[in-house]
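build me a structure from this.
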Amino acid sequence: MINLLIFSIITGVVSSLIIVPFVLNNKETKVKVTFNRVAAITSTAILCTVIIFVFYYVTNMDRNWTSLWGPLLVVTLLGAIVAGSKDRRLKIVLLLGAIAFGAYILSAPLFNANQKYKAVEMEQQVEIKAFDETKTPASVPPKFARNKMKKAFVQVPNPSYYELGNLQIQKVGDDFVYIAPVEFSSLFKWWAGKTTPGYFTMSATDSADNPKFVKAEMAYTPSSFFHKQVERHIRMEMPSLIFYGDVQLEINDEGKPYYIRSYGNFITARDGFDVQGIVVVDPESGDVKQYAIADVPAFIDGAVSPEAVSLQNSYFGNYVHGFWNSVFGKKDVKLPSDEGTESNVSPIFDENGHMYYFTDFTSPKEGIDSMLGYALTDGRTGEATYYTGNLEEAYMDSQGALQIIEKKFIEKKWSGEMPVLYNFYGEASWLTPVLDSNGFLQNYFIVSAANPEISVYGNSPNEALKLYKAALQRGGNTVDGNSSAEEAQVAVTVVRVFKERIGDFTLVSFLATDGRNFSVSSETALLSIYIQEGDQLMITYLETGELFLPVKKLTNNSMK
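Predicted coordinates for the structure are as follows:
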């Protein structure tokens, strides 16, 4: 508050010196007018100070001197209008300078497109690594999680005071969870309650999980007012930092909540944004700490705000050949999708629990649902990789996947939400939760991005994956998993055997005397087509936990 007051006073004094003329009138004026210049400067300075203070307090704008370009334009214009004969020339020069500076600020987006593109230029690869089929993707849709949390709101003390805040996903310990703070519902409820009681947490991988309310008093929140509002509190502590994106709630492994916000630099003038770090706020005490992007605490997954990532994707897709090409020619322009769950991007986690923001890109030409590529942006560093996909195949974009779901369940009026592209068994595939009209989760839908005729749905992501694997094999596709499951070797005797022709190969499934089921393709083991009941086999297989364990190597000892 002291910083804002000093900033306002200095700005007010300078403004009054520019506005108030050196003398009131010139020699041509025959009427003598009494002019107390000191009183005029004082009263003008007080008025300008009040205006500046209220403006910056309400807007929460950064207090860099470049933010004053608008007030400077108004002040120099007033100074030129009321200037006397002795200072008119100087005031006009100041006005022209303010106009030139304002033009520089406003025209920056027309000339800094190349700098924006270079600031976010991505490494390019063909395809992401195949998903580990023994893992469960964090695929519970946020709309469904939010509905369940609302129904569990009776756990909150004095629930009429509060409402559910913004939902976001993060990794806590070894679990992927949704976090949603409890927020004040109005100014009067804040005045009466003073602090919010805590937050909700719910599994992001298990749709059967029930939300849990965690008690944690928070005084500095987005729904608080005046000096307790967390964004304003951050600005008072960090007056000159450039922020982009909303505050987000993150909790550490002990369940302690913190609000974070991304800060960075303008690309040029006051346009563009390049993330540099985060500010972390303890919502109970109001303690504020600043971290460079390389020093972000380990428990924070989304150091780069989803709004900043969405902005970076826009730069990368639109400005490959500058600003004017993005408006007219549009050569090589690719538009980021708006199907993401947080500011047009979707947070996902790799098998190591590291968070990335996913976005697919499509053509600016209307009526085309082919995907030009997709990007994964590291949630902690902001570094991004652009994947072109197999250039010999046309990949369907996220909108196309949602349209297939809509047509598939047109009678039930179900729809998809949060489509994310994975590499399942070597096939680029869309995994999308399907919700009914009330927002309740019904199933998980998987469709091949290159071959939309291959699609399945199941009650869980893992069930859908098993069905999808079978569908790929029936379609003659080569199935390449990337399981981290351990290999094991065992001698078994066959009790039952089933053979199914799939494309150019045969899928052999057999039951062993120990009760376990195994499957092997003749593509992997050509002589597996001769397996019969009673055969003694030496097999090397993967402990994936599936009903049918995949066989990597096979020797039929009964054929020797």
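
helix or strand right after the strand ranked longest in the chain?
Identified as the longest strand of the chain according to DSSP state E is strand 487-502. Sequence-wise, the next helix or strand beyond strand 487-502 is strand 505-512, with elements assigned using DSSP states H and E.

any regions of the chain where pLDDT drops low?
By pLDDT under 70, the weakly predicted segments of the chain are 23-35, 367, 473-485, 502-504, 560.

show me what contacts the residue nearest to the spatial centre of it?
Compute the mean C-alpha point of the chain, and by CA atoms, centre = their mean the closest residue is Pro306, 3.1 Å away. Each residue near Pro306 by CB atoms under 8 Å, 6 or more residues apart in numbering is listed here: 245, 340, 342-345, 347, 357. For the C-beta atoms, the positions are set from N, CA and C on the backbone; glycine is no exception.

on that earlier part again, could you give the angle of the longest strand of the chain to strand 505-512?
130 degrees (axes from the mean of the first three to the mean of the last three CA atoms, to 10 degrees).

check which helices and strands strand 487-502 sits against.
With contacts taken as 3 or more CB pairs under 8 Å, 6 or more residues apart in numbering; DSSP states H and E, strand 487-502 sits against strand 505-512, strand 536-542.

and the last one, what does it pack onto?
So the one you mean is strand 536-542. Against strand 536-542 (3+ CB pairs under 8 Å, 6+ apart) you get strand 487-502, strand 517-521, strand 548-556.

nearest approach to Ala100 belongs to which of the ones you listed?
Nearest to Ala100, of all the helices and strands packed on strand 536-542, is strand 548-556, at 69.6 Å by CB to CB.

now for that closest one, which elements pack on it?
Against strand 548-556 (3+ CB pairs under 8 Å, 6+ apart) you get strand 517-521, strand 536-542.

partners of the longest one, with directions?
Okay, so that is strand 536-542. strand 487-502 (antiparallel), strand 548-556 (antiparallel) (DSSP bridges).

what does that strand rub up against?
481, 483, 485-494, 518, 520, 531, 549-558.

ditto for stretch 360-370
313, 317, 330, 333-337, 339, 371-375, 394-400, 403, 421.

residues in contact with the longest strand of the chain?
Counting by CB under 8 Å, 6+ apart, 473-476, 506-514, 516, 518, 521, 529, 531-543, 552, 557 sit against strand 487-502.

in the stretch 51-200 of the chain, which spans are strands?
Remark: strands assigned in the stretch 51-200 of the chain by DSSP state E, counting those that start in this stretch are 123-125, 162-164, 168-172, 175-184, 196-203.

equivalent analysis for the stretch 251-400 of the chain, please.
So, for the stretch 251-400 of the chain - with DSSP E, counting those that start in this stretch - the strands run 257-265, 274-281, 288-292, 335-336, 346-349, 355-362, 370-378, 384-387, 395-396.

dump the ones you listed into JSON lines; add distance to Thr42 and mean neighbour count as well.
Putting the strands of the stretch 251-400 of the chain into JSON lines (distance: least, CB to CB, whole Å; neighbours: other CB atoms under 10 Å) gives the following:
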{"stretch": "strand 257-265", "distance to Thr42": "37", "mean neighbour count": "22"}
{"stretch": "strand 274-281", "distance to Thr42": "38", "mean neighbour count": "21"}
{"stretch": "strand 288-292", "distance to Thr42": "36", "mean neighbour count": "14"}
{"stretch": "strand 335-336", "distance to Thr42": "53", "mean neighbour count": "22"}
{"stretch": "strand 346-349", "distance to Thr42": "54", "mean neighbour count": "23"}
{"stretch": "strand 355-362", "distance to Thr42": "53", "mean neighbour count": "25"}
{"stretch": "strand 370-378", "distance to Thr42": "53", "mean neighbour count": "22"}
{"stretch": "strand 384-387", "distance to Thr42": "54", "mean neighbour count": "20"}
{"stretch": "strand 395-396", "distance to Thr42": "68", "mean neighbour count": "24"}
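
Phe226 is nearest to which of those?
Across the strands of the stretch 251-400 of the chain, closest to Phe226 is strand 274-281 (CB to CB), at 15.8 Å.

give me the residues contacting that closest one.
119-120, 220, 230, 233-234, 237-238, 241, 243-244, 247, 258-267, 287-293, 295-297, 300, 303-305, 308, 382.

what angle separates that strand from strand 257-265?
Using the same axes, to 10 degrees: strand 274-281 against strand 257-265 is 150 degrees.

still on that earlier bit, what would the helices and strands packed on strand 487-502 look like in TSV with distance to Ser429 and mean neighbour count?
Formatted as TSV, these follow (distance: least, CB to CB, whole Å; neighbours: other CB under 10 Å):
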stretch	distance to Ser429	mean neighbour count
strand 505-512	20	20
strand 536-542	20	18
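
just send these back as a markdown table, with distance to Leu431 too.
Listed next are the helices and strands packed on strand 487-502 as a markdown table, based on distance: least, CB to CB, whole Å:
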| stretch | distance to Leu431 |
| --- | --- |
| strand 505-512 | 23 |
| strand 536-542 | 22 |
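
how about those strands, which one is nearest Ser186?
strand 536-542 (56.4 Å).

run the chain-centre distance for the closest one.
44 Å (CA atoms, centre = their mean, to the nearest Å).

residues in contact with Glu417?
Here Glu417 is in contact with 141-143, 341, 432-435 (CB under 8 Å, 6+ apart).

what's the closest of the residues you listed to Asn166?
Pro142 (9.7 Å).

need the helices for the stretch 51-200 of the chain, in chain order.
69-82, 88-111, 113-120, 142-151, 187-193 (DSSP state H, counting those that start in this stretch).

over to Pro452: give its phi and psi.
When read as degrees, to the nearest 10, the backbone of Pro452 gives phi -60, psi -20.

return the distance of it relative to Arg516.
35 Å (CB to CB, to the nearest Å).

and what of Thr432?
Thr432 is 33 Å from Arg516, by CB to CB.

that older thread, so which of the contacts of Glu417 is the most crowded?
Counting neighbours by other CB atoms under 10 Å, Thr432 comes out on top of the contacts of Glu417 with 26 neighbours.

contacts only, for it.
401-402, 405, 416-420, 444-447.

which of the residues you listed sits closest to Pro181?
For the contacts of Thr432, the nearest to Pro181 is Met418 (21.0 Å; CB to CB).

does the closest one touch Pro142 like I think?
Yes - checked against CB atoms under 8 Å, the pair Met418 and Pro142 is within contact range at 7.0 Å.

what residues are shared contacts of those two?
Joint contacts of Met418 and Pro142 (CB under 8 Å, 6+ apart) are Thr341.

what about Phe518, neighbour count?
Phe518 has 21 nearby residues by other CB under 10 Å.

and it, what are its bridge partners?
Phe510, Leu549.

on that earlier part again, neighbour-wise, give me the winner out of the contacts of Thr432.
Of all those, the most densely surrounded is Ala401 (29 neighbours; neighbours counted as other CB under 10 Å).

give me the contacts around the helix or strand containing that one.
Taking DSSP H and E as the definition, Ala401 sits inside helix 398-408. Outside helix 398-408, the residues that touch it by CB under 8 Å, 6+ apart are 337, 339, 360, 362, 369-371, 414-416, 419, 421, 430, 432, 434, 445, 447, 449, 452, 455, 457.

let's see that with 7 Å instead.
Around helix 398-408, the neighbours that count as contacts under CB atoms under 7 Å, 6 or more residues apart in numbering are 337, 339, 360, 369, 415-416, 419, 430, 432, 434, 445, 447, 452, 455.
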